[in-house]
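1. Structure here, sequence nowhere to be found:
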Ligand SMILES: Nc1nc2c(c(=O)[nH]1)N[C@H]1C(S)=C(S)[C@@H](COP(=O)(O)OP(=O)(O)OC[C@H]3O[C@@H](n4cnc5c(N)ncnc54)[C@H](O)[C@@H]3O)O[C@H]1N2
Ligand code: MOO
């Protein structure tokens, strides 16, 4: 685990904080915890969780010599005399055929011993009990174990269990899988100005973060707990953090992260004895974000109140942290060539910029615009966020951050 003392300490000329460079902040967040313990869970509860152990084939696939086409199992050269019919899932009525014989066979049925190929109906001619046609030896028979040998590792530990992985595990005879527990995340939304329903009156604003964060948390590997709303003020914030810390692995506290009269997050965390792992990140938007550990061990990700800044911060610190806690192997970085922005998006002189982009069919990323810190329009229309390192001209290509769907 990286400690505060290992953080770079350059002071930020505008905020007087000591922001951590964006790539370093992500590494610290991903290393701030260990994967949560494994549990044995029934398949229906495994989707989205990470395998705690490799998935090993407990049986061969296919499990028996299987017809890959509807037609005739044939032995030796044509013509063949039909000796019966074999359907999938039925006990073998014909377990062997000799040269010159054929058995009508359904896709998925057990191929009788002695069969040298399956001749599809489309390639067969039939007159009474006699079948003619030509088929290469071995064609259209899936031999036992040819697709996956028994005992083979098919997925490594750390793989997120997808719908396809669930189907594969079932094909391999699994009823349960060893998966990591998902980290529970309590979302605290602060601010006297936020309203949760309808049109906000003058001076108030609709809560955009409460609806946004649970989906982001779930996508990143966490289990969101019901969102709690905390009024401005140190005491309610301290009470909210203390209550949440008793019941959860991670707290995502939104708003109150800056320097205004109602921005008590940093002070309150200090009063509660929290250790800061990250105290500001050199990125736009989202620079006031933080990561701290309460004395009880619960981690607190502090996200800015501006909704797009909260989203960008959620992807910067919260997502790698939840990925690690949930035992997921992090995906490798993705890059895309950048089209110049119609409005002229440029790198920030000191901070990493996170820009909402769409991807065209050729894989080029084009900035969408409408991604000011308070506005989620660009992010909602985007396919990814492009990461623009600080300084210089617009780079020819950029790293992409995947977005929750
Ligand atoms: N003197 C400075 N002021 C500010 C700085 C700075 O560096 N120095 N940074 C600015 C940036 S950047 C951001 S981001 C914000 C972060 O502010 P807070 O985290 O303290 O959040 P608030 O002040 O509570 O709110 C900011 C903004 O967002 C709206 N908001 C808050 N919560 C929600 C919500 N749940 N849904 C929708 N909108 C929300 C709030 O009404 C404000 O407009 O600080 C800047 N100031
Ligand atoms: O960085 Mo603020 O986080 O721009 O909106």
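-> The structure has been received and is ready for your questions. Since we're looking at a predicted model, the values are computed, not measured. Ligands and ions are numbered 1, 2, ... in the order given.
2. Would you map the strands across the stretch 251-400 of the chain?
-> Ranges of strands within the stretch 251-400 of the chain are 275-279, 281-284, 290-293, 299-303, 334-337, 352-359, 365-367, 384-388, 397-402, based on DSSP state E, counting those that start in this stretch.
3. For ligand 2, find the nearest of these.
-> strand 281-284 (5.4 Å; Cβ to the nearest ligand atom). C-beta here means a position set from N, CA and C on the backbone, and glycine is covered the same way.
4. Can you see whether the closest one contacts ligand 1, counting any residue in it?
-> No - on the criterion Cβ under 6 Å from any ligand atom, strand 281-284 is out of touch with ligand 1, staying 7.6 Å away.
5. Check which strands are paired with that strand and give the direction for each one.
-> strand 20-21 (parallel), strand 352-359 (parallel) (DSSP bridges).
6. Mind putting the ones you listed into TSV with mean neighbour count, distance to ligand 2 and mean pLDDT?
-> Listed next are those as TSV, based on neighbours: other Cβ atoms under 10 Å; distance: least, Cβ to the nearest ligand atom, whole Å; pLDDT from 0 to 100:
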stretch	mean neighbour count	distance to ligand 2	mean pLDDT
strand 20-21	24	14	98
strand 352-359	23	10	96
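7. Which of these sits closest to residue 248?
-> Evaluated over those, closeness to residue 248 peaks at strand 20-21, with 24.3 Å, by Cβ to Cβ.
8. need the helices for the stretch 1-150 of the chain, in chain order.
-> Along the stretch 1-150 of the chain, the stretches classed as helices by DSSP state H, counting those that start in this stretch are 22-30.
9. Strands of that one, start to end?
-> 20-21, 38-42, 55-56, 66-67, 71-74, 80-86, 101-105, 117-120, 125-127, 130-132, 141-142.
10. Could you say which of the ones you listed is packed most deeply?
-> strand 71-74 (a mean of 27; mean count of other Cβ atoms under 10 Å).
11. residues making contact with that strand?
-> Applying Cβ atoms under 8 Å, 6 or more residues apart in numbering, the contact partners of strand 71-74 are 67, 80, 82, 86, 97, 101-105, 111-112, 115-124, 131, 135, 140-141.
12. Quickly note the distance from residue 197 to ligand 2.
-> When distance is defined by Cβ to the nearest ligand atom, to the nearest Å, residue 197 is 25 Å away from ligand 2.
13. shift numbering so it begins at 50
-> Yes, from this point I'll number from 50; that puts the last item at residue 246.
14. Number of residues surrounding that residue?
-> Residue 246 has 7 neighbouring residues, counting by other Cβ atoms under 10 Å.
15. swap in residue 186?
-> Counted with other Cβ under 10 Å, residue 186 comes out at 10.
16. measure the nearest residue to it once chain neighbours are set aside to residue 120 for me?
-> In this structure, residue 186 finds its nearest non-sequential neighbour in residue 165, 5.1 Å apart by Cβ to Cβ, 6 or more residues apart in numbering. Residue 165 is 13 Å from residue 120, where distance means Cβ to Cβ, to the nearest Å.
17. ok, now residue 297?
-> 59 Å.
18. ok, now which ones touch the residue lying closest to residue 208 once chain neighbours are set aside?
-> Closest residue to residue 208 in three dimensions, ignoring its sequence neighbours and counting by Cβ to Cβ, 6+ apart: residue 100, at 5.0 Å. Taking Cβ under 8 Å, 6+ apart, we find residue 100 in contact with 204, 205, 206, 207, 208, 210, 214, 226, 227, 228, 376.
19. Going by distance to ligand 2, which of those residues wins?
-> Among these, and counting by Cβ to the nearest ligand atom, the member closest to ligand 2 is residue 376, at 29.8 Å.
20. hang on, the closest one packs against residue 97?
-> No - if you go by Cβ atoms under 8 Å, residue 376 and residue 97 don't touch, sitting 11.7 Å apart.
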